[in-house]
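K.L.:
I'd like to go over a predicted model; first the sequence, then the structure.
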Amino acid sequence: MFCNNCGSQQKDGAKFCTVCGAPLMQAASATPVDPVLPVQKNARAQRPRSGNGPVVAAVVLVVLAVASVVGVAALMTDCFGFTKPAEEAPVVASPQDSTTQTPQAEPKPQAEAPAAPEVRASVQEYSWEELSQISALISAAGSDAEATEVAASYHLCNADGTLDGTQTKQLVLADGTSVTMQILGFNHDERADGAGRAGITFGSRGIVGTHAMNADDSTSGGWRDSSLRAWMNDDLLAQLPDDVAAAIVPVTKYANATGETTDPASVVATTDTLWAPAYAELGGHMDIADDPHDDVYNAEGSQYQLYADLGASWDTPNDILAISGVERWWERTADPMDGRYFMCVGEDGTPWYAHTPKNEFGVVMCFCV
């Protein structure tokens, strides 16, 4: 027979295990031995620690009691707010693609394309606002050739891109004077605001009035300080119709401010809304052999397309520069060869004349849109 408690083999008929002291089940009996019968002290002392049932039970009771106390304490603190609420664990963002981590810059607004007005048969048929819009298209062209294509497509020049003096538009001053404005060129003059070149330059075919360059006969300061410039950009400007004045853009012009000189540095920039043309803008590039004054003339500008296309020259009569019934009209060029004079155009259209500034000669008006 074997001990049911420790499994050791015992003699048949033994009532207690000789190893652990536990009562033995009799093979002939169907009823187990009562487990609470007293056991011998020496047998109890030899029982392995793993078989300490009462001790384990006591430990379990103690653990349950402690758990109950802890549970009650936790319930009390949660209900009555005796403990600080647990802080939420920080949320760690999951790794993202670099393209989603870097804020995308907002796209810059695209500049609006210049308005494109309806094509008309001639310059005269356009409003001044429409001419201003076409001018913007010409300015935006990528090259001189493309600018000419734009101008030709709107019939502002001949199909081959040339000008012949027929590209004109009328305006009437506040005093009733009718003025014929003709296109002088495209993308020729620099805008004073630094926004590139003005698309269209106009010049009057006739005079808009008469005025002295300087009533005191002075050449000091040249065009920059002249009374003619002040009059054109004040009184004459006020005479323009509102739609014309609204279309005009100020430009940068150049003029000799010293008088008699061979130094091209004597030529200074001015900002003008209205102006008189310079000697080089009418007759073209000066090239007199060994003449030190040429650089001064040439520094004031370059010849406008209209005058170049019609063959105007600085030292010969020119029909395009001659104005019927007008003996002289002013250029803004102070004569670098003689400090007493300003240059002027003669009755035959030759720009190679000079006169004292107190004379009230004709005034040709130029402006850009």
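P.N.:
Happy to help now that I have it.

K.L.:
what bridges to Phe361?
P.N.:
His211 (DSSP bridges).

K.L.:
my read: it touches Phe342, true?
P.N.:
No: Phe361 lies out of contact with Phe342 (Cβ atoms under 8 Å); the separation is 9.1 Å. Glycine gets a C-beta too; all of them are placed from N, C-alpha and C.

K.L.:
Among these two, which residue is more densely surrounded?
P.N.:
Per other Cβ atoms under 10 Å, whichever of Phe361 and Phe342 has more neighbours is Phe342, with 30 against 22.

K.L.:
Distance of that one relative to Thr162?
P.N.:
The gap separating Phe342 from Thr162 is 31 Å, by Cβ to Cβ, to the nearest Å.

K.L.:
list the residues that contact both of Phe361 and Phe342?
P.N.:
The contact sets of Phe361 and Phe342 overlap at Met213, Trp330, His355 (Cβ atoms under 8 Å, 6 or more residues apart in numbering).

K.L.:
Report how many residues lie close to the nearest residue to Val251 once chain neighbours are set aside.
P.N.:
Distances taken as Cβ to Cβ, 6 or more residues apart in numbering place Asp189 nearest to Val251, at 4.2 Å, with adjacent residues excluded. Applying other Cβ under 10 Å, we find 25 residues neighbouring Asp189.

K.L.:
what's near enough to touch Asp189?
P.N.:
Asp189 is in contact with Arg197, Ala198, Thr201, Val251, Thr252, Lys253, Cys368, counting by Cβ under 8 Å, 6+ apart.

K.L.:
what bits of the stretch 201-350 of the chain have low per-residue confidence?
P.N.:
Applying pLDDT under 70 to the stretch 201-350 of the chain picks out residues 290.

K.L.:
swap the cut-off to 90 and go again
P.N.:
286-291 (pLDDT under 90).

K.L.:
Which parts of it are strands?
P.N.:
Here the stretch 201-350 of the chain has its strands, by DSSP state E, counting those that start in this stretch, at 210-212, 251-256, 267-272, 329-334, 342-345.

K.L.:
Among those, which comes closest to Ser302?
P.N.:
Nearest to Ser302 among the strands of the stretch 201-350 of the chain is strand 251-256; the distance by Cβ to Cβ comes to 10.3 Å.

K.L.:
Now do that closest one: which elements does it pack against?
P.N.:
strand 190-191, strand 267-272, strand 329-334 (3 or more Cβ pairs under 8 Å, 6 or more residues apart in numbering; DSSP states H and E).

K.L.:
returning to what we had before: with respect to Gln9, which of the strands of the stretch 201-350 of the chain lies nearest?
P.N.:
Comparing the strands of the stretch 201-350 of the chain by Cβ to Cβ, strand 251-256 comes nearest, at 125.5 Å.

K.L.:
and the closest one, C-alpha only, in CSV?
P.N.:
Output in CSV follows, covering the C-alpha atoms of strand 251-256 (Å, rounded to 0.1, in the frame of the first residue of the first chain):
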residue,chain,number,x,y,z
VAL,A,251,9.2,108.5,-67.5
THR,A,252,12.9,109.3,-67.1
LYS,A,253,14.4,111.7,-69.5
TYR,A,254,18.0,113.0,-69.8
ALA,A,255,19.3,116.5,-70.6
ASN,A,256,22.4,118.6,-70.4
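
K.L.:
for it, which positions count as buried?
P.N.:
Residues Val251, Lys253, Tyr254, Ala255, Asn256 are the ones in strand 251-256 that count as buried (16 or more other Cβ atoms under 10 Å).

K.L.:
what does stretch 354-365 give?
P.N.:
Within stretch 354-365, the residues that count as buried by 16+ other Cβ under 10 Å are Ala354, His355, Pro357, Asn359, Phe361, Gly362, Val363, Val364, Met365.

K.L.:
Of those, which belong to strands?
P.N.:
Ala354, His355, Phe361, Gly362 (DSSP state E).

K.L.:
any chance you could map the helices in this structure?
P.N.:
Remark: helices assigned in the chain by DSSP state H are 41-45, 53-80, 98-101, 128-140, 144-153, 227-231, 237-238, 242-247, 279-283, 294-298, 305-309.
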